[in-house]
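[1] coords below, sequence missing:
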């Protein structure tokens, strides 16, 4: 038989062949009955690929099995990818236990206390920091930290000491709205009682200020350092 005639018959046989998809799948299921069942989430292809018609029944079965294996592998990869997208846990700095635990309101000549101003309302609040020193200070940094509960954003700040004596900054850091007053070089804080205040909007309602706190670090003009801090709460 000539090569041309053989090729022609093979081509005619391939074109005439119509694989019985239902029967192939039944064979696959019977062959796999003794092993692990096919996962329910994996469905067989809706139509046999065109090249399977040329390859014949055996190649078609192998192709379906390969497609099923690929589907299982792909599904597993997708599950791993989705499983890796874990929501980030809230920043521990928002609670800041290390920063707040052990705060002491008095250290040597320095004392501080924090309270929410009684004139605060359901939309706006002012946090008052009182700083008392029995000695002049050659350096001072006061830091008021307001927890970023709903809708908190700064509306301003002030201090009872002269404005030119301090640099002031307000920013968000570690889950807090941070007000920082720093005494300029060459300036002095006199002995006495002084006030620092931060003002901010917040979500409607009574705001819980128990997560707020103040810390202050100072250098005494006579020498030596002092650090104090206090927790906030509703007050008058």
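    Happy to help now that I have it. The structure presented is a predicted model; accordingly, all values stated were derived computationally and were not measured.
[2] now do the phi/psi pair for residue 164.
    Main-chain torsions, residue 164, degrees, to the nearest 10: phi -60, psi -10.
[3] got it, and residue 155?
    The phi/psi pair for residue 155 (degrees, to the nearest 10) is phi -120, psi 0.
[4] domain parsing for the protein?
    3-84, 94-231 (automatic domain parsing).
[5] ok, of the ones you listed, where does mean pLDDT dip lowest?
    With a mean of 44, domain 3-84 has the lowest mean pLDDT of those.
[6] now the strands for this structure?
    106-107, 110-116, 124-133, 137-147, 153-159, 166-173, 176-183, 192-201, 213-220, 225-231 (DSSP state E).
[7] would you turn these into CSV with distance to residue 207 and mean neighbour count?
    All C-beta spots, glycine's among them, are computed from the backbone N, C-alpha and C. CSV is the format used below for those (distance: least, C-beta to C-beta, whole Å; neighbours: other C-beta atoms under 10 Å):
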stretch, distance to residue 207, mean neighbour count
strand 106-107, 27, 15
strand 110-116, 8, 21
strand 124-133, 6, 21
strand 137-147, 9, 22
strand 153-159, 13, 15
strand 166-173, 17, 13
strand 176-183, 12, 21
strand 192-201, 9, 17
strand 213-220, 15, 22
strand 225-231, 15, 18
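[8] OK, contacts around the residue nearest to residue 138 when sequence neighbours are not counted?
    Distance criterion C-beta to C-beta, 6 or more residues apart in numbering; nearest residue to residue 138, sequence neighbours excluded, is residue 221 at 4.5 Å. By C-beta atoms under 8 Å, 6 or more residues apart in numbering, the contact list for residue 221 reads 135, 136, 137, 138, 188.
[9] from those residues, pick the one nearest residue 163.
    residue 188 (15.2 Å; C-beta to C-beta).
[10] ramachandran angles for that closest one?
    According to degrees, to the nearest 10, residue 188 has phi -130, psi 140.
[11] residues contacting it?
    Counting by C-beta under 8 Å, 6+ apart, residue 188 has contacts 136, 137, 138, 221.
[12] I'd guessed the third one sits against residue 219; true?
    Pointing back at residue 138 there. Yes. With contacts counted by C-beta atoms under 8 Å, residue 138 reaches residue 219, the gap being 5.2 Å.
[13] do me a favour and get the end-to-end distance for stretch 201-221?
    By C-alpha to C-alpha, to the nearest Å, the extent of stretch 201-221 from end to end equals 37 Å.
[14] please name the bridge partners of residue 116.
    As for beta bridges, residue 116 partners with residue 127, residue 234 under DSSP bridges.
[15] distance check, it against residue 175.
    Separation of residue 116 from residue 175 (C-beta to C-beta, to the nearest Å): 19 Å.
[16] residue 165 too?
    Residue 165 is 30 Å from residue 175, where distance means C-beta to C-beta.
[17] ditto for residue 144
    14 Å.
[18] again, but for residue 193
    Counting by C-beta to C-beta - residue 193 and residue 175 are separated by 30 Å.
[19] check residue 149 too.
    Taken as C-beta to C-beta, the span from residue 149 to residue 175 is 10 Å.
[20] got it, and residue 153?
    Per C-beta to C-beta, residue 153 is found 14 Å from residue 175.
[21] same check, this time on residue 169
    Taken as C-beta to C-beta, the span from residue 169 to residue 175 is 17 Å.
[22] ditto for residue 135
    In terms of C-beta to C-beta, residue 135 sits 34 Å off from residue 175.
[23] what's the answer for residue 200, then?
    As judged by C-beta to C-beta, residue 200 and residue 175 stand 14 Å apart.
[24] again with residue 118
    26 Å.
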